[in-house]
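Participant: Generate a structure from the sequence data that follows.
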Amino acid sequence: EMEALTAVSTAALTVYDMVKAVDKAMEIGGIRVILKDGGKSGRYEA
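Facilitator: Coordinates of the predicted model:
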């Protein structure tokens with residue numbers, strides 16, 4: 001899940017960088033794992 005969180009954060013920052021000239025009040029938030037299946041801890045759902 002760490003790789004997925006990193007990829008999503010990078011994508012969000014890329015979009016932010018492209019749009020910041022249009023909307024200075026834009027914020028990035030709410031990045032979280034909703035579903036994870038497998039691994040030692042098994043299934044996780046938020």
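Participant: L5 contacts K36, correct?
Facilitator: No - with contacts counted by C-beta atoms under 8 Å, L5 stays clear of K36, the gap being 10.7 Å. C-betas here are computed from N, CA, C, even on glycine.
Participant: so how far is E1 from the residue of the chain most remote from its centre?
Facilitator: Distance from the centre of the chain peaks at K40, with 22.7 Å (C-alpha atoms, centre = their mean). Distance from K40 to E1, counting by C-beta to C-beta, to the nearest Å: 12 Å.
Participant: Just give the nearest non-adjacent residue to E45, would you?
Facilitator: Among residues not flanking E45 along the chain, L35 sits closest, at 5.4 Å (C-beta to C-beta, 6 or more residues apart in numbering).
Participant: Test my guess that that neighbour contacts Y44.
Facilitator: Yes - between L35 and Y44 there is a contact at 7.0 Å, judged by C-beta under 8 Å.
Participant: So these two - more neighbours on which side?
Facilitator: Y44 (13 against 9; other C-beta atoms under 10 Å).
Participant: Any chance of the backbone angles for the more buried one?
Facilitator: Backbone torsions of Y44, given as degrees, to the nearest 10, read phi -130, psi 130.
Participant: where along the protein do the strands fall?
Facilitator: With strands called from DSSP state E, the chain shows them at 35-36, 44-45.
Participant: now those as a markdown table including mean pLDDT and distance to A25?
Facilitator: Shown next, in a markdown table, are the strands of the chain (pLDDT from 0 to 100; distance: least, C-beta to C-beta, whole Å):
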| stretch | mean pLDDT | distance to A25 |
| --- | --- | --- |
| strand 35-36 | 90 | 31 |
| strand 44-45 | 90 | 33 |
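Participant: ok, the residue nearest to E45 - contacts?
Facilitator: Contacts for L35 (C-beta atoms under 8 Å, 6 or more residues apart in numbering) come out as 43-46.
Participant: Looking at these, which one is closest to V15?
Facilitator: Nearest to V15, judged by C-beta to C-beta, of these is A46 at 22.9 Å.
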